[in-house]
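> I would like the atomic coordinates for the input below:
(4 chains)
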There are 4 protein chains.
Amino acid sequence: MMIYDRLFRDTAVSEIFSAVNTVQRMLDFEAALARAESQTGVIPEHVSAPIVSQCRVDLFDLGGLADRCGQAGNLAIPVVEQLTALVDAVDHEAAGYVHWGATSQDVIDTALVLQLRDALSVMHGELARLHRTALRLAEAHRATPVVARTWMQHALPTVLGLQFAGWADALDRHMGRLREVGGRALVLQFGGAGGTLASLGAHGLEVGTGIAASLELEMPVLSWHAHRDRIAEVATTLALLTGTLAKIARDIALQSQTEIAELAEPAAPGRGGSSSMPHKQNPVACAIALAAAVRIPGLAAGILTGMVQEHERGLGGWQAEWESVPEIVCLAAGSLHQMLHAVDGLSVDVARMQRNLEASQGRIYSEPVTLALAKRMGRSEARTVVERASQRAAAEGRHLQDVLAADAVVAAYLTTAELGQLFAPLSCRGVSQEFIDRVLHAGRREQFGDAGE
Amino acid sequence: MMIYDRLFRDTAVSEIFSAVNTVQRMLDFEAALARAESQTGVIPEHVSAPIVSQCRVDLFDLGGLADRCGQAGNLAIPVVEQLTALVDAVDHEAAGYVHWGATSQDVIDTALVLQLRDALSVMHGELARLHRTALRLAEAHRATPVVARTWMQHALPTVLGLQFAGWADALDRHMGRLREVGGRALVLQFGGAGGTLASLGAHGLEVGTGIAASLELEMPVLSWHAHRDRIAEVATTLALLTGTLAKIARDIALQSQTEIAELAEPAAPGRGGSSSMPHKQNPVACAIALAAAVRIPGLAAGILTGMVQEHERGLGGWQAEWESVPEIVCLAAGSLHQMLHAVDGLSVDVARMQRNLEASQGRIYSEPVTLALAKRMGRSEARTVVERASQRAAAEGRHLQDVLAADAVVAAYLTTAELGQLFAPLSCRGVSQEFIDRVLHAGRREQFGDAGE
Amino acid sequence: MMIYDRLFRDTAVSEIFSAVNTVQRMLDFEAALARAESQTGVIPEHVSAPIVSQCRVDLFDLGGLADRCGQAGNLAIPVVEQLTALVDAVDHEAAGYVHWGATSQDVIDTALVLQLRDALSVMHGELARLHRTALRLAEAHRATPVVARTWMQHALPTVLGLQFAGWADALDRHMGRLREVGGRALVLQFGGAGGTLASLGAHGLEVGTGIAASLELEMPVLSWHAHRDRIAEVATTLALLTGTLAKIARDIALQSQTEIAELAEPAAPGRGGSSSMPHKQNPVACAIALAAAVRIPGLAAGILTGMVQEHERGLGGWQAEWESVPEIVCLAAGSLHQMLHAVDGLSVDVARMQRNLEASQGRIYSEPVTLALAKRMGRSEARTVVERASQRAAAEGRHLQDVLAADAVVAAYLTTAELGQLFAPLSCRGVSQEFIDRVLHAGRREQFGDAGE
Amino acid sequence: MMIYDRLFRDTAVSEIFSAVNTVQRMLDFEAALARAESQTGVIPEHVSAPIVSQCRVDLFDLGGLADRCGQAGNLAIPVVEQLTALVDAVDHEAAGYVHWGATSQDVIDTALVLQLRDALSVMHGELARLHRTALRLAEAHRATPVVARTWMQHALPTVLGLQFAGWADALDRHMGRLREVGGRALVLQFGGAGGTLASLGAHGLEVGTGIAASLELEMPVLSWHAHRDRIAEVATTLALLTGTLAKIARDIALQSQTEIAELAEPAAPGRGGSSSMPHKQNPVACAIALAAAVRIPGLAAGILTGMVQEHERGLGGWQAEWESVPEIVCLAAGSLHQMLHAVDGLSVDVARMQRNLEASQGRIYSEPVTLALAKRMGRSEARTVVERASQRAAAEGRHLQDVLAADAVVAAYLTTAELGQLFAPLSCRGVSQEFIDRVLHAGRREQFGDAGE
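Numbers count the residues shown, from 1 in each chain, chains lettered A, B, ... in the order given. This next block holds a predicted model:
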């Protein structure tokens, strides 16, 4: 048990990468190897069953594996040693055919691929749920006015649905990326000690195809021991996802600030409290997603750095993946899990959004006012008028509409009624509704497939 | 002129990201905007031509732009200022419609996308050439024996064509990735100050579609000011490519070491020399590719970190892209350019490879010998026999074949002739020929398209 | 001219790393080398002057250097070539002694060290000014109440001076770090082609000492071509500083948000405007400092990765430093420069801080109220009472003091007057004044030296 | 048990960061707090003993802590909850004073500092041993000829002792850095919820001083909740060390290649074997050190990125440290541990080094030959002669000395005997002996202190 697992990681995904499951996945490879080799006559037919029978992690001494791994230099060596001993106890001849023709990296990499397949499947499901939630929110709030903020300052009014549509749109792309990387990365590793499957004579491809079929993995064109772009792409794809999740988290956290208070993570007893301040409601999910986005870029950089692997199998770069790849997956899944929770139960304070629109006393409408004046008096003059009025409004604590209404130059071009119409959030909605519709349409196609068209 | 540009960067790609071209691409956006707005009636029809006429970088004061950018905080502000002044000099009314309804990020991002399109196009061409070269080498050396090395130690004999096939196979995947990221990332940015295109009234989408058509970019579902996954994916995709290029470079550099001398970068007068040692022939292209792989993961991590952008437009994360994204593209292109040169003219010393196979005095054949014995005497016994013989051979400086030939236990299972057949590189070729054929087949499909099937 | 230089970099520090100055610093090494060698008799006495006379960058063709560098693989080769040609034109014999006994890395590294010395000196000056400014602000606002925020939520009242004292305290440590890294890193590089200074016979150390004296650098125990910890430490030290500067920037940006408006960067005409919104006042300095902190960690990671340099001089890792180290220094200096400007002219709205303290309607006082009650009724009971009252206050939009005053249980333990005293910012000042005094004391010692004690 | 712990981490250091020890260190803080508060009268004197009595990790339910941590958002909350319950069972009143006036971050950070102190102490010991070993090797091999290699090509002969002296010199600097960072980072964290220690009234500093004394930590000038430069500096300092260790590992791995075979990690039964190839002796320690140097730069970049923490306590950046800081320490310690083992038992094949000096058939002597000729015939002429001779020697497979001896131009300037003297490794030793002596001298001062002078 790692003390922070429950906080930073997704339980289901962490379980996939547990020591127990890692070893079982390695044994799944060994079992599939024995079956495929006996079917193709590479090893005697009768030795397969005894080998397969021992490929159960509950028969293994995990502490012993960890110790021996520290000495041997990789985990496959002790797993094969213990498996050989177990098989030997039931069938001495069969023990001689354990791991036949394979190399350590064949079993370690294939086990990783099997784990990645499971983890990506869990994550794809959660991502689809989060995407649906964002679509739902985009639709629900398609006409809710809210401040658009740029450079952390009020810019213009917009609608909240557009913010959520932006989330949905990005999540939509991430679903596409997960599919693509899955198509490329989820393949068997099988090349033997030198990459030629030399010890299987002419049967190498046939055995490989058999293992792949048994594990329901694609057979790659070629084994890929020292070409790690597949694995690294999993890392970078999840890093991209983590970035979007943290962008969402940052926005929720910013909009949850005490003075702003537009959004809030769902409250729950015992969640997000403080050890000293009873009133605190900390945005825990946002903290986790933001922390993941602090950690994962550097972890992904490590995987990218480690791609520079020597010759047929590298020294250092490959070993660097063993813990870092699972770590990236678990942290990204943890972030996804937390943000699904946060977005799904998101509190939205529509009234507060309305109030915040007034925080700048009308200066948020400076662009529409400028453009309206520009059409009549020329833009640079309009800009000068509005800029000066904005500064005066700020300095004197007055509403921009009042300052402008009292300005003779402005009055020459805009009536009071025209001016008033400009100071309304929905005058700034532009094509937000069309944008939202486009996102909803694309999102439903992603969710329900081309057939849903 | 940056002093190291010629060394680290691809000239054509650097040119795409020069200050001159960056500003021109921004002006291309402004011109397309004016045209689309006049066509849709958002601005008067006759103001478009004067604006478009001034969208030529040679009319601009670049030093002034750089100065003003440092003060204003982004490059769009001074570009729009200078453009407005230029237009004003030819048509005062038109000057009021420069940049109408757009925001700084619309022009900066779209210019970047246009540059990325150009750069990815150059890179796709070079990547395709490198891929073809690797395929050619794989075929040419399909039966050239060479040492397979793992953990930087001799493992088994393999064939050189398989090493090249591994390069081709990875490059094939990178071509697919470049296409995919291009499909996702090369889209217009157009949302206006608040993301709603408010100042264009109901014409926002129409204008956007017009700009996109004019610039031959896709119109995205939604503007994406603070969702940077598209840009970040360009960075990570090029980082993945850089990793593969550096893996190739590392191998060439290792195989070029004075004691190994199997491969060499093409020699050229004045290239790779030393300021003090006349005999030196430094692998410059490999150094560049390796240096790129040291730098780019961290640069990509920065882009990933910067994805956490606030609200509708962020503070810090976006600004961090302005130099880093071009830097990643230029360095990756530089690495690609160098490796294309190095691989295209690669020297291959087949005789030396044959000699190196003998460097361990036969110990490189320990796996095939073990498996041959294992089939007759049981594997663990076989392994013990060969391990002991290997150690003796190493300690006594004798050839493993001789040590085994003199071993009574071995003699009981293998005749001298059988033993001799095991000590031949091609006895280890396994299914290398089939693997190479698979790579050639897939590679030709990638190069010549589905129609070539 | 790089288009974003004025925005992201410090002009003085960028100048130090310009191509012109880089080449001049290399020539400074060559001149010092010639002098030291002629003084020790390694080269004829009369050849020194002609060499030294040509060590002026204005005599060099920089475009030619850049071109030739791209081919040769490092900048020293073309610099030595051009220098040799220049010397040859004035004294043929002397040309034969240019760069005598040195290797490319000797000149490249020493030039870098000289540039780092200049840059660190500029930065130390600006850092000291920023430190003094923070001390001044800490003192000026030692009793200004402000919200302490944790997890981006209101926590407790504190004093603004403590925030500034925190900045000063961290900056104080960075001044110490800059001194220490300077002491370790600013040393001569001089080892010759193989690190033994073989071509200087027995005079190697003597010549080295002469060069060091001439350049006012320390002579290291040993040359350090492939041991890059000195250079990498400069990178990490500046990365640490960048982190602190961005922490300050993040706080200013957060406290400048429209709804919070406690702090603001100094306004200036034409600074931080928007291309479309006349009212915008973007925090440009904060954006730069935050962008630097997005970019520099990855750049520093690249330098750390590049430390793994092969043998006596590496392939890839060293080359990766050539642009990245100057980039880190220039970006860190740019961040420092911007934050000095921002902090020096920082606007502080004390009234607004007072108002923000009331944003949670008294819930910010939950800890002192809880502790006051805890002393009388037991803590877990007190916590329950206050937590419930806080929730009710939030739900009903009432002030926590009012809710508590109306609570019979509370009334049993605290009088209305006692309760009222708890709801005052200065009741939370604790030992903030002592903390501030400690920072002022330590800071003045740092600024004025031990003698100031 | 993590399955790869024994491989990648140092057992003693991992133990320091185990869940059990982490919680115990938090309890050590709580005990020290209670003691200091009762001594200063902040809490009743008699409540201290019951609290202290329960500050034993064996009383705690670690699984429950992990679960609750996942919900609460930090580990301090459940630790304080369980501690309060335990105290409550023995003394109800005392339970009300558990964690009095402290905040979660006070206990979490101080526990981390205590763990860092322990870990740095272990590492300093191992680093000192490694340093001594390098000094010993430098002295032992001060006159052993070996190839100096640059850009992964033969450069010149040098002596092996100089290679080891380079290691020692870098390790010496790292010992200094560890001391410095310890002096800055190993300080108490204690500020209370708002950083003012408000709930301790006027006793805050007194209590802090008491805790610091009890835990034998320095009392800092100020609490440092959101200023993480101290922690980040630990990360970067260990990253620097990791870089040097990996540089050493890279060199050993390169010099262990089958064709080079100059160095080898100590062999041990069951270590570094292959699951398929009985002859393999993989450099496991080098793999670990190289893997650490792939992973740690990105982890350190994450810590640097996380420095940008908001306000009085941040959201995301701090949380990102909780696992990453211990990870960096454990991996760096693992690398150190492995390299101590590898260097301590390093096999050195002096004869093979001598043979490798001949691998280029004399071309390794091109610089001394050039300089010898240059003194008599002018350098550029000399360089041309030797460059041409080197190319001919390489092309014709002849020894450079033979080619030069047959060259009439050379014969005009150098006698056969003079030429022969140049082709000797020790003719290139330069001031290597003096350099080694300087390193030995400085190293002994570092090891034995100033008193040893």
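
> What segments of the stretch 51-200 of chain A are strands?
A:145-150, A:153-159 (DSSP state E, counting those that start in this stretch).

> mean confidence for the first one?
Looking back up the chat, that one is strand A:145-150. Averaged over strand A:145-150, pLDDT sits at 97.

> show me what contacts A:Leu331?
Residues near A:Leu331 by CB atoms under 8 Å, 6 or more residues apart in numbering or on different chains: A:8-9, A:242, A:292, A:295-296, A:299. Bear in mind the C-beta positions are built from the backbone N, C-alpha and C, glycine included.

> So for B:Val284, which of the strands of the stretch 51-200 of chain A sits nearest?
Among the strands of the stretch 51-200 of chain A, strand A:145-150 comes nearest to B:Val284, with 45.4 Å by CB to CB.

> follow-up on the earlier one: any idea which of the strands of the stretch 51-200 of chain A is most buried?
strand A:153-159 (a mean of 27; mean count of other CB atoms under 10 Å in any protein chain shown).

> Within the sheet, what are the partner strands of it, with directions?
Using DSSP bridges, strand A:153-159 pairs in its sheet with strand A:145-150 (antiparallel).

> show me which of the contacts of A:Leu331 neighbour chain C.
For chain C, no contacts are drawn from the contacts of A:Leu331 by CB under 8 Å from any CB of the partner chain.

> Of those, which is the most crowded?
Counting neighbours by other CB atoms under 10 Å in any protein chain shown, the top entry in the contacts of A:Leu331 is A:Ala292, with 34 neighbours.

> Give me the distance between it and A:Gly298.
Going from A:Ala292 to A:Gly298 by CB to CB, to the nearest Å gives 11 Å.

> got it, and A:Ala412?
59 Å.

> Residue numbers of the stretch 251-400 of chain A in contact with chain B?
A:251, A:254, A:290, A:293-294, A:296-298, A:300-302, A:304-305, A:307-315, A:367-368, A:371, A:374, A:378-380.

> Now render the contacts of A:Leu331 as JSON lines, adding pLDDT.
Shown next, in JSON lines, are the contacts of A:Leu331 (pLDDT from 0 to 100):
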{"residue": "A:Phe8", "pLDDT": "97"}
{"residue": "A:Arg9", "pLDDT": "96"}
{"residue": "A:Thr242", "pLDDT": "98"}
{"residue": "A:Ala292", "pLDDT": "98"}
{"residue": "A:Arg295", "pLDDT": "98"}
{"residue": "A:Ile296", "pLDDT": "98"}
{"residue": "A:Leu299", "pLDDT": "98"}
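
> Could you dump these into a markdown table with secondary structure added?
Shown next, in a markdown table, are the contacts of A:Leu331 (DSSP: H, G, I helix; E, B strand; the rest coil):
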| residue | secondary structure |
| --- | --- |
| A:Phe8 | helix |
| A:Arg9 | coil |
| A:Thr242 | helix |
| A:Ala292 | helix |
| A:Arg295 | helix |
| A:Ile296 | helix |
| A:Leu299 | helix |
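
> For the residue nearest to A:Leu346 when sequence neighbours are not counted, give the beta-bridge partners.
Once flanking residues are discounted, A:Leu346 sits nearest to A:Leu263: 6.0 Å by CB to CB, 6 or more residues apart in numbering or on different chains. Going by DSSP bridges, A:Leu263 is paired in beta bridges with A:Val348.

> quick one: contacts for A:Leu263?
Per CB under 8 Å, 6+ apart, neighbours of A:Leu263: A:251-252, A:255-256, A:346-349.

> coming back round to it: just the contacts of A:Leu331 now: which is nearest B:His99?
A:Thr242 (35.0 Å).

> interface residues of the stretch 351-453 of chain A facing chain C?
A:356, A:359-360, A:363-364, A:366-367, A:370, A:383, A:386-387, A:390, A:394, A:400.

> Need the max-distance pair from those.
Counting by CB to CB, the most remote pair of those is A:Asn356 and A:Arg383, 25.4 Å apart.

> any weak-confidence spans in the stretch 201-350 of chain A?
Residues of the stretch 201-350 of chain A meeting the criterion pLDDT under 70: none.

> try it again with 90
A:201, A:267-281 (pLDDT under 90).

> near chain C, which residues of it?
Going by CB under 8 Å from any CB, the residues of the stretch 201-350 of chain A near chain C are A:253-254, A:256-260, A:272, A:274, A:276-283, A:287, A:297-298, A:301, A:305.

> Of those, which belong to helices?
Taking DSSP state H as the definition of helices, these contribute A:253-254, A:287, A:297-298, A:301, A:305.

> ok, which pair from those residues is furthest apart?
Greatest spatial distance among these (CB to CB): A:Leu254 and A:Thr305, at 32.9 Å.

> before we move on, the earlier item: same list, the contacts of A:Leu331, but as TSV with distance to chain D please.
Converted to TSV, the contacts of A:Leu331 look like this (distance: CB to the nearest CB, whole Å):
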residue	distance to chain D
A:Phe8	7
A:Arg9	9
A:Thr242	12
A:Ala292	8
A:Arg295	5
A:Ile296	8
A:Leu299	6
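
> Selecting buried members of the residues of the stretch 351-453 of chain A next to chain C in ChimeraX, what would you type?
Command for ChimeraX that selects the buried part of these, burial taken from 16 or more other CB atoms under 10 Å in any protein chain shown:
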select /A:356,359,360,363,364,366,367,370,383,386,387,390,394,400
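
> Mind checking which of the residues of the stretch 351-453 of chain A next to chain C are in helices?
A:356, A:366-367, A:370, A:383, A:386-387, A:390, A:394, A:400.

> Could you single out the nearest of those residues to chain D?
Distance to chain D across those (CB to the nearest CB) is lowest for A:Asn356, with 19.7 Å.

> who touches that closest one in this structure?
A:146-147, A:260, A:262, C:259.
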